[in-house]
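**Q** Got a sequence here, can you build the structure:
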Amino acid sequence: MKNFKFAIFDLDGTLLESMEAWSNLGRDFLSSKGIKIPVNLNDIIKPMTLREAAEYFQTAFKIKLSADEILTEMSIIMEAKYKNELELKPYVKEYLTILKNNNVKMCIASATPLYMIDAALRRLNIIDFFEFISSCDEVGVGKNQPDIFYYAAKKLKAEPSEVAVYEDADFALITAKEANFYTIGVYDKGFHDKRKNIELICDMYIESFKELL
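**A** All right, here's what the predicted structure looks like:
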């Protein structure tokens, strides 16, 4: 691995053990309404956006809330997890400390809302490692397009080729690599079924940050 002076980190599934919480969000929401959970719920909603899932809950379970109201309640459930429960992946803090001691400028670029990211980073005492936090909401598109990576690189005052991007998702790694960033794939069980593909996509692949210590 080259010695980079700039790094863009994804949050969920990369630094934070949070993908299971997102996977279980539909179950948690329906449970809060006293609704019996279908055995195949995750298979049904996995391909959906949050709004599509909210609309599905509305019709399939005859919930007398608007899709926006369902989304608000789901956001409240997730915000509580970021504030109180979710933990760092092993060796994340140790690795970030090494990078900071080597004057690497770091930021986070995530699809998660900024207020949730901020809550988790402050509780876990790692917010000071990062120059800034960026959300896909700021650029208006997800990580299937390179806007968030270009936006973060510009704020870091770096060219894409000077920046290492750490991601767990295959589609985000493809986007970053095609945009000329150095890509480091991080294993997460949420993408276990795509592991082989991810290993082929990225410039470097790790199962744990311990490998980079």
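
**Q** Let's verify residue 93: helix, strand, or coil?
**A** helix (DSSP: H, G, I helix; E, B strand; the rest coil).

**Q** so what's it up against?
**A** Going by C-beta atoms under 8 Å, 6 or more residues apart in numbering, residue 93 touches 124, 126. Using the backbone N, CA and C atoms, a C-beta is placed for each residue, glycine as well.

**Q** Next, work out how far apart it and residue 117 are.
**A** Distance, residue 93 to residue 117, using C-beta to C-beta, to the nearest Å: 16 Å.

**Q** Which residue comes closest to residue 195 once chain neighbours are left out?
**A** Closest residue to residue 195 apart from its sequence neighbours, by C-beta to C-beta, 6 or more residues apart in numbering: residue 187 at 6.7 Å.

**Q** scratch that, residue 197 is what I was asking about
**A** Excluding the flanking residues, the one nearest residue 197 by C-beta to C-beta, 6+ apart is residue 170, at 5.5 Å.

**Q** ok, now which ones touch the one you found?
**A** 191, 194, 197, 198, 201.

**Q** With respect to residue 26, which of these is nearest?
**A** The nearest member of those to residue 26, counting by C-beta to C-beta, is residue 191 at 18.6 Å.

**Q** these two touch, right, that closest one and residue 198?
**A** Yes: assessed by C-beta atoms under 8 Å, residue 191 is found in contact with residue 198 at 6.4 Å.
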